[in-house]
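*Asks:* Return atomic coordinates for the entry below.
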Amino acid sequence: MTNKTTTAIQAPFRADHVGSLLRPENLHEARKEFKEGKITAEQLREVETQEIKRIVDKQIEVGLEVVTDGEFRRTWWHLDFMEHLNGFEGYVPETGYKFDGVETERYNVRNTGKISFNPDHPFIKDFVEFNEIVGGRAVAKQTIPSPNQFFNAGIRDVNIYPDLEEYAKDVIQAYRDALHAFYEAGVRYLQLDDVYIAGLSSTSIPWRQDEAYSREQLIDLALRVINGVLEGKPEDLVVTTHLCRGNYQSTWAFEGSYALIAPTLLAKEKVDGFFLEYDDDRSGDFKPLEHIPNGGAKVVLGVVTSKNGEVEGKEAIKARIQEATQYVPLEQLCLSPQCGFASTHHGNKLTEEQQWEKLKFIVDVAKEVWG
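*Replies:* Next up, the predicted model:
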């Protein structure tokens, strides 16, 4: 049996993946029946557990050393976690977000009181059960939204938190407590998913000059939030961050390279690795990677798209990895899909078979490049 602690220290892995996987039809069906009151919460959980067992086996079968629960107990990659922190609630707003012309399903969170971590957060129990399913056969990765997701417009209640710094202080403490709780539950590889930070680097999002804070001030705050959360974390807890440009039924929220945030965030964020999206032209070139410290965080190149089922050419992907070595040494690089396959329960537009083909392709290419 693998020693989970020593293995996790190798994370992120040469062949890694962002986390979410396509929900099978029977899971969609069970969730629908639960909403209609036809089955109980326990019966729904049973279906989820069976499917998590199946996809853990499948991930190991395609050769991955790291597995996730596919986010099968969630509806959204972020909101399920966020609404279970003290001081927040989920609600249905009047409109969804616009993703490349598509409006997302309407659901969001808002601040309702003072913020703290809830020790009974359902994700803790979920991880313990998931880790038991994995049983040491691979490293069990836990994914949660980055603390910076709480800084998106419209979430903070200015009557509760008139001062942004005070709000940030409580978010940081809640996440420190969350990291501790996950560590106690057995997590050794944690990934923070962050659309907010990638948005700060996007030139396609119009920046309002009348904002109370400049882009630079918010980039600085985002860095302080992440590094504040990581202060004093256990040494053998690997934390990575995935900088995402939105992923909803194969559409995206915005475009723009990482250039604007690279000198601050890529250079100084104290994470062990960055999952960066580089699957098409809207991602820009690899030049921002020159800010990654030599021997510092690993860079997981998301050059294989999760937005469609067409498997890329092996030589083309190897050439992209080679191109990135102009800025980051090969031993500091890894490979993954650019995003999850189903950041929300809807899933991207490809089949489950294509999803597994893509993950196996990543494993095969990583073996050829790194041995």
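
*Asks:* In space, what's closest to C334 - neighbours in sequence excluded?
*Replies:* V300 (4.3 Å; Cβ to Cβ, 6 or more residues apart in numbering). C-beta coordinates here come from the backbone N, C-alpha and C atoms, glycine included.

*Asks:* Help me confirm that the one you found is found in a strand?
*Replies:* Yes: assessed by DSSP: H, G, I helix; E, B strand; the rest coil, V300 belongs to a strand.

*Asks:* what bridges to it?
*Replies:* Note on V300: beta-bridge partners by DSSP bridges are F275, C334.

*Asks:* Count the residues that sit near it.
*Replies:* For V300, the neighbour count with other Cβ atoms under 10 Å is 27.

*Asks:* Next, the contact list for it, please.
*Replies:* Residues near V300 by Cβ atoms under 8 Å, 6 or more residues apart in numbering: 12, 16, 240, 273-276, 333-336.

*Asks:* change it to 7 Å
*Replies:* Residues near V300 by Cβ atoms under 7 Å, 6 or more residues apart in numbering: 12, 16, 273-276, 334-336.

*Asks:* Tell me the helices and strands packed up against the helix or strand E132 falls within.
*Replies:* Counting by DSSP states H and E, the element that carries E132 is helix 122-134. Contacts defined by 3 or more Cβ pairs under 7 Å, 6 or more residues apart in numbering; DSSP states H and E place helix 122-134 against helix 41-61, strand 139-140, helix 164-184.

*Asks:* starting at the chain centroid, how far to the last one?
*Replies:* Relative to its chain's centre, helix 164-184 lies at 17 Å (Cα atoms, centre = their mean, to the nearest Å).

*Asks:* Let me know the next secondary structure element after that helix.
*Replies:* Counting by DSSP H and E, the element after helix 164-184 in chain order, helix or strand, is strand 189-194.

*Asks:* So which residues make contact with stretch 175-194?
*Replies:* Outside stretch 175-194, the residues that reach it (Cβ under 7 Å, 6+ apart) are 4-5, 8, 11, 19, 66, 77-78, 117, 119, 124, 127-128, 131, 139, 141-149, 229, 233-234, 236-244.

*Asks:* now it: how far from the chain's centre is it?
*Replies:* With Cα atoms, centre = their mean, you get 13 Å for stretch 175-194.

*Asks:* hey, C-alpha coordinates of it in PDB?
*Replies:* The C-alpha coordinates for stretch 175-194 follow below in PDB (Å, rounded to 0.1, in the frame of the first residue of the first chain):
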ATOM      1  CA  TYR A 175     -10.000  29.300   5.600                       C
ATOM      2  CA  ARG A 176      -7.200  28.700   8.100                       C
ATOM      3  CA  ASP A 177      -9.700  26.800  10.200                       C
ATOM      4  CA  ALA A 178     -10.900  25.000   7.100                       C
ATOM      5  CA  LEU A 179      -7.400  23.900   6.200                       C
ATOM      6  CA  HIS A 180      -6.800  22.600   9.700                       C
ATOM      7  CA  ALA A 181     -10.100  20.700   9.700                       C
ATOM      8  CA  PHE A 182      -9.300  19.100   6.300                       C
ATOM      9  CA  TYR A 183      -5.800  18.200   7.400                       C
ATOM     10  CA  GLU A 184      -7.300  16.500  10.500                       C
ATOM     11  CA  ALA A 185      -9.600  14.600   8.300                       C
ATOM     12  CA  GLY A 186      -6.700  13.300   6.300                       C
ATOM     13  CA  VAL A 187      -6.300  15.700   3.400                       C
ATOM     14  CA  ARG A 188      -2.700  16.100   2.200                       C
ATOM     15  CA  TYR A 189      -3.400  17.600  -1.300                       C
ATOM     16  CA  LEU A 190      -5.800  20.500  -1.400                       C
ATOM     17  CA  GLN A 191      -6.600  22.600  -4.500                       C
ATOM     18  CA  LEU A 192      -8.000  26.100  -4.400                       C
ATOM     19  CA  ASP A 193     -10.100  27.000  -7.500                       C
ATOM     20  CA  ASP A 194      -9.900  30.600  -8.400                       C
END
